[in-house]
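Participant: Got a predicted model here, sequence first, then my questions.
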Amino acid sequence: MRRSDVALAVLGNLVQAVEMLQKNSDFACLMPEVRVNVAHAMPGAKSAKDVAAIEGRITVVRGYPFAASLPIWGSSDHMARLIIEVRKYSPGINAGINFKCDEQIIKVVKRYAREKKLAFGKIDRTVEPEEVMIKDGSSMPWKIKYLVERYGAVPDLFYEGEGWGKEPLFVAVGGSATEVVAMAIEIAGRFRKAA
């Protein structure tokens, strides 16, 4: 398959994933303060330019998730760095989505992961080395390495505990944007019922 065809397939998958989110009012309850992004990388992605995401992120409008734009290459540095770093350990991971994290959501996600036989993990930001915290862009390699050392691989679902000036967040990773969005939507439905 030509690179241009792969790029179109990636963008198409992201558009489909965003449509899934925008039709699901339950997901609004998982919206963090920093908002949500969903990203999908090209095979062999080396930089943010090889990863498509939603410029301006996804927010809530009238009770439903709402994307600020169509997917654009290079529009999410954070999610791009996460996916590229994860793929150093798990080459089959192409996509990720972030969502809100609190004690109730942690319980729901743990139960969901157990039932679906998905790996679950936590990044303890309190043990992050100071030299990593102060150097811009060096947290991501440390966080992913931490997960691999602690769990033996990158978990399908993991969260970052609180760090200085950082909102706790969940991340779901998987083979495609539609896969990770389907996980997040199912978790949102379970959380809404439990609340």
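Facilitator: Yep, it's here.
Participant: Which secondary structure element of this protein has the lowest mean pLDDT?
Facilitator: With mean pLDDT, DSSP states H and E as the measure, the helix or strand of the chain carrying the lowest mean pLDDT is helix 130-134 (a mean of 77).
Participant: Helix or strand next in line after it, which one?
Facilitator: helix 139-151 (DSSP states H and E).
Participant: pLDDT averaged over that next one - what is it?
Facilitator: Here the mean pLDDT over helix 139-151 is 95, rounded to a whole number.
Participant: Would you mind listing the outside residues contacting that helix?
Facilitator: For helix 139-151, the external contacting residues (CB atoms under 8 Å, 6 or more residues apart in numbering) are 78, 81-82, 85-86, 88-89, 119, 121, 123-124, 127-129, 132-133, 153-155, 158, 160. C-beta coordinates here come from the backbone N, C-alpha and C atoms, glycine included.
Participant: one more time with 7 Å, if that's ok
Facilitator: Taking contacts as CB atoms under 7 Å, 6 or more residues apart in numbering, the residues outside helix 139-151 that touch it are 81-82, 85-86, 89, 119, 121, 123, 128, 132-133, 154-155, 158, 160.
Participant: and the two most separated of those?
Facilitator: The span of those, defined through CB to CB, is set by A119 and M133 at 26.0 Å.
Participant: Can you flag which of the contacts of helix 139-151 belong to helices?
Facilitator: When DSSP state H is applied, those are split such that 81-82, 85-86, 132-133 fall in helices.
Participant: which of the residues in the top helix by length along the chain are buried?
Facilitator: Longest helix in the chain by number of residues, with DSSP H as the criterion: helix 3-22. Under the neighbour-count criterion of 16 or more other CB atoms under 10 Å, helix 3-22 has 10-11, 13-15, 17-18, 20-21 buried.
Participant: any idea how far the residue nearest to the spatial centre of the chain is from V173?
Facilitator: With distances taken as CA atoms, centre = their mean, the residue of the chain nearest its centroid is I97 (2.5 Å). From I97 over to V173 the distance is 8 Å, taken as CB to CB, to the nearest Å.
Participant: Check K23 too.
Facilitator: K23 sits 23 Å away from V173, going by CB to CB.
Participant: Those two: who's more crowded?
Facilitator: Summary of the neighbour comparison: K23 and V173, criterion other CB atoms under 10 Å, with V173 having more neighbours (25 against 11).
Participant: and whichever strand or helix holds that one, which strands flank it?
Facilitator: With elements delineated by DSSP H and E, V173 resides in strand 169-174, which encompasses its position. Based on DSSP bridges, the strands next to strand 169-174 in the sheet, each with its direction, are strand 95-100 (antiparallel), strand 157-160 (antiparallel).
Participant: what does it rub up against?
Facilitator: Contacts of strand 169-174 from elsewhere in the structure, counted by CB under 7 Å, 6+ apart, are 32, 82, 86, 93, 95-101, 105, 109, 154, 156-160, 180, 183-184.
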